[in-house]
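Asks: I'll drop the sequence and a predicted model, then ask my questions.
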Amino acid sequence: MRLVEQQVTPKEKILKKVRQALTFKSKNQFTNIDLDSNIYVQPSSDLSLLEVFAQQFTSLSGEFVYCSNQFDFLDKLITLLEQRKWKHFFCWEHQLQDTLKDTGINFSHKKEQLEKVQAAITTCEALIARTGTILVSSTANSRTLTIWPPVHIVVAKRSQLVMETKDGMQLVRNRYGKNLPSLLSYITGPSRSTNIENTLVVGAHGPTEVFVFIVDDISRD
């Protein structure tokens, strides 16, 4: 009696190899790998986190504004609004709304008027100095206001400045514990993209301008 060979599909071959790999694990030949040390070149010790972030952020066409305190921030924000003459300035975060109301700054929060938006203001979770990056979350910040307006203004505290991405994530864990935001986003300067001819387009998938107002909340005593 002739035996009929059983056909094995490519998928079954792959799964068989996976099962064998799980059953017969090979020994790790690289036991001395250092996964903890920093692989990046350290910035000059003469530079503060604030200076490192400012250099990196502005090198990516970001607009950096240092504010010595909350009153200085509001004064500089009002100056910017007057210079730009924005009529449709959006803010959706309640704490920021209260601050703007107390100062007399007009803003919109109605979603049905979002098509008219000229600029929007949000807070953030952290600022990553090494890359000049802003870390925002779906819990504290509306994703819509970080990508839809042509101008995105971020107000942050100096105490939110960290050197590495992992340090920024630690700030998020410290703030939310086990209830982490469903979405974390990294903003590194205005939106940039290139087409098939390698032509740089600014604002293709997000704001054409990004401002960061850093309020110095660290005591010098």
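Replies: It's in. Just so you know, these numbers come straight off a predicted model, no measurement behind them.

Asks: Output the below-cut-off pLDDT ranges for the chain.
Replies: In the predicted model, the chain carries pLDDT under 70 at residues 1-6, 35-46, 191-205, 219-221.

Asks: Now do the helices in it.
Replies: Taking DSSP state H as the test, the helices found in the chain are 10-23, 49-59, 70-84, 94-103, 143-147, 165-176.

Asks: mind checking which of those helices is nearest residue 122?
Replies: Among the helices of the chain, the nearest to residue 122 by CB to CB is helix 143-147 (5.5 Å). Where you see a C-beta, it was placed from the backbone N, CA and C, and this is true even at glycine.

Asks: Tell me how far the closest one lies from the chain's centre.
Replies: 11 Å (CA atoms, centre = their mean, to the nearest Å).

Asks: Can you show me the CA trace of it as CSV?
Replies: Taking C-alpha atoms only, helix 143-147 is exported to CSV below (Å, rounded to 0.1, in the frame of the first residue of the first chain):
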residue,chain,number,x,y,z
ARG,A,143,-4.6,65.4,20.5
THR,A,144,-6.7,67.6,18.2
LEU,A,145,-5.2,70.8,19.6
THR,A,146,-1.6,69.5,19.2
ILE,A,147,-1.9,68.6,15.5
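
Asks: Let's have the helices of the chain in a markdown table, adding distance to residue 153 and mean neighbour count.
Replies: Formatted as a markdown table, these follow (distance: least, CB to CB, whole Å; neighbours: other CB atoms under 10 Å):
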| stretch | distance to residue 153 | mean neighbour count |
| --- | --- | --- |
| helix 10-23 | 50 | 9 |
| helix 49-59 | 13 | 18 |
| helix 70-84 | 8 | 15 |
| helix 94-103 | 10 | 13 |
| helix 143-147 | 10 | 17 |
| helix 165-176 | 20 | 15 |
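
Asks: looking at those helices, which is closest to residue 132?
Replies: Checking the helices of the chain against residue 132 by CB to CB gives helix 49-59 as the closest, at 3.0 Å.

Asks: So which residues make contact with that closest one?
Replies: Residues outside helix 49-59 that contact it (CB atoms under 8 Å, 6 or more residues apart in numbering): 43, 47, 64, 66, 127-132, 158, 161-163, 189, 212, 214.

Asks: Just the C-alphas of it, formatted as CSV.
Replies: Presented in CSV, the C-alpha positions along helix 49-59 are these (Å, rounded to 0.1, in the frame of the first residue of the first chain):
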residue,chain,number,x,y,z
LEU,A,49,18.9,71.4,31.1
LEU,A,50,17.2,74.6,30.1
GLU,A,51,20.0,75.6,27.8
VAL,A,52,20.3,72.1,26.3
PHE,A,53,16.6,72.0,25.5
ALA,A,54,16.6,75.6,24.1
GLN,A,55,19.5,74.8,21.8
GLN,A,56,17.9,71.5,20.5
PHE,A,57,14.4,72.9,20.2
THR,A,58,15.4,76.1,18.3
SER,A,59,17.7,74.1,16.0
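
Asks: Now do that helix and helix 165-176, the angle between them.
Replies: On the basis of axes from the mean of the first three to the mean of the last three CA atoms, to 10 degrees, helix 49-59 is oriented at 110 degrees to helix 165-176.

Asks: Distance from the chain centre to helix 49-59, please.
Replies: Put simply, helix 49-59 sits 15 Å off its chain's centre (CA atoms, centre = their mean).

Asks: just checking, residue 84 touches residue 150?
Replies: No: the criterion here is CB atoms under 8 Å, and residue 84 misses it with residue 150 at 10.8 Å.
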